[in-house]
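Undergrad: Next come a sequence and a model predicted from it.
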Amino acid sequence: MSKKILKIIFAGSNDFSLAHLYSLFYSKYVISAIITKPDNIYCKKKNNPFSSIKKFAIKNNIKILQPNDLFEKKFYKSILDIQANILIVSSYGSIIPKKILKLFPLGGINIHASLLPRWKGAAPVQWAILSGDKQTGISVIKMNSNIDSGKIIYTLTCPINSTDTTTTLCAKLIPISLQCMYQSLNIINNPNIKKYYKQDKNLETKAPKIKKRDSRISWSLSVIQIDRLIRAFTPWPCCQFFINGYFIKIKKHSIISFNKKNFYCGEIIKINKKGIQINTKKGILNIEKIQIPGKKTIHISQIIHTNKKLFIKHSILK
């Protein structure tokens, strides 16, 4: 690769994007600055509200930009003064204004965790699992002023297993994503390569942001739908159900049956050391590990004898 691309500004906000920043930092490229979200003042760890991206930047003396407003003049001037060649975005969470993109001679690229135009938006990995997709992947696009709508530079696929959670699927996507990033930089850096493809709007699907309220289980869903919810919402916001005044998080589960049973939706039909078996609209879910508010994750076998009143056979979960 030639030395045309020397200076990069990187934008990201989570551990997935950190993997890209880490790799770039130890590559031949120069990270001139990072853009990340403002510190979370509501973070539970009040003594350390910094994101993993910011911690890495501090440790390695990288300039940090945390604008509250991407249209503010101070932020524009900061980018202008750095005079970087390209902007690389991975899981940043905000649209970069066109005015900012124009400051980069080679524009900006966005590394998106789906096979665009499928799952455009904030939560592509979660929605791929929720929808029962058999595969997903990474798409690197040339950024424009619209959400995940630019021309595709490079893409690779990744299978989704029936046991994959958001955690495990993201882990599988990282090495694929790094390969896509470097291949895209090769393409951008070579004026003789023209491999940009327009997205087919007819194939577009949306992946809106996941909210905490989405995590409550509805037992009127089928066991397959509930299984997908639990896996998609691991590690956050973690699926939960309400019983005896508690919202209890499901930490480990399995499917006992896919068939419809003659019980009510949400009815506890069996309790033993293997778990709590709950009837759904179609099929039976076995809950093996839970977390009660303020407590550590425990196996059902540890609680059925010490707290017999919490789970009662034939009671209905709401």
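TA: Yep, it's here.
Undergrad: which residues of the protein fall in strands?
TA: Counting by DSSP state E, the chain has strands at residues 7-12, 30-35, 63-65, 86-90, 108-112, 135-142, 152-159, 240-243, 246-257, 268-272, 275-279, 284-291, 298-299.
Undergrad: Would you mind telling me which of these is nearest residue 220?
TA: Nearest to residue 220, of all these, is strand 275-279, at 10.7 Å by Cβ to Cβ. (Glycine included, C-beta is placed from N, CA and C.)
Undergrad: Using CSV, list the CA coordinates for the lengthiest helix in the chain.
TA: Longest helix in the chain, counting residues (DSSP state H): helix 166-189. Provided in CSV are the C-alpha atoms of helix 166-189 (Å, rounded to 0.1, in the frame of the first residue of the first chain):
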residue,chain,number,x,y,z
THR,A,166,-25.1,-10.5,20.4
THR,A,167,-21.9,-11.0,22.4
THR,A,168,-20.8,-14.1,20.5
LEU,A,169,-21.8,-12.8,17.1
CYS,A,170,-20.0,-9.5,17.6
ALA,A,171,-16.9,-11.5,18.6
LYS,A,172,-17.1,-13.4,15.3
LEU,A,173,-17.7,-10.3,13.3
ILE,A,174,-14.6,-8.4,14.6
PRO,A,175,-11.9,-10.2,12.5
ILE,A,176,-14.1,-10.1,9.5
SER,A,177,-14.7,-6.4,10.1
LEU,A,178,-10.9,-5.7,10.4
GLN,A,179,-10.4,-7.4,7.0
CYS,A,180,-13.1,-5.4,5.4
MET,A,181,-11.6,-2.1,6.8
TYR,A,182,-8.2,-2.7,5.5
GLN,A,183,-9.5,-4.0,2.1
SER,A,184,-11.6,-0.8,1.8
LEU,A,185,-8.5,1.4,2.6
ASN,A,186,-6.7,-0.4,-0.2
ILE,A,187,-9.5,0.3,-2.6
ILE,A,188,-9.8,4.0,-1.6
ASN,A,189,-6.1,4.4,-1.8
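Undergrad: partner residues bridging residue 12?
TA: Applying DSSP bridges to residue 12 gives these bridge partners: residue 90.
Undergrad: so what pLDDT did the nearest residue to residue 241 once chain neighbours are set aside get?
TA: Distances taken as Cβ to Cβ, 6 or more residues apart in numbering place residue 217 nearest to residue 241, at 4.7 Å, with adjacent residues excluded. Listed pLDDT for residue 217 reads 96.
Undergrad: Isn't residue 217 up against residue 238?
TA: No. With contact defined as Cβ atoms under 8 Å, residue 217 does not reach residue 238; the gap is 10.8 Å.
Undergrad: of these two, who's got more company?
TA: Taking neighbours as other Cβ atoms under 10 Å, residue 217 and residue 238 compare with residue 217 leading, 24 against 14.
Undergrad: OK, contacts around the more buried one?
TA: 226, 229, 239-241, 250, 317 (Cβ atoms under 8 Å, 6 or more residues apart in numbering).
Undergrad: which among the residues you listed end up buried?
TA: 226, 229, 239-241, 250, 317 (16 or more other Cβ atoms under 10 Å).
Undergrad: what residues are shared contacts of residue 217 and residue 238?
TA: Common contacts of residue 217 and residue 238, defined by Cβ under 8 Å, 6+ apart, comprise residue 250.
Undergrad: Tell me, how many residues neighbour residue 291?
TA: 16.
Undergrad: is it in a bridge, and if so with what?
TA: On the basis of DSSP bridges, residue 291 is bridged to residue 249.
Undergrad: Please tell me how far it sits from residue 219.
TA: According to Cβ to Cβ, to the nearest Å, residue 291 and residue 219 sit 19 Å apart.
Undergrad: The nearest residue to residue 87 once chain neighbours are set aside: neighbour count?
TA: Nearest residue to residue 87, sequence neighbours excluded (Cβ to Cβ, 6+ apart): residue 108, at 3.6 Å. The tally of other residues near residue 108 (other Cβ under 10 Å) stands at 22.
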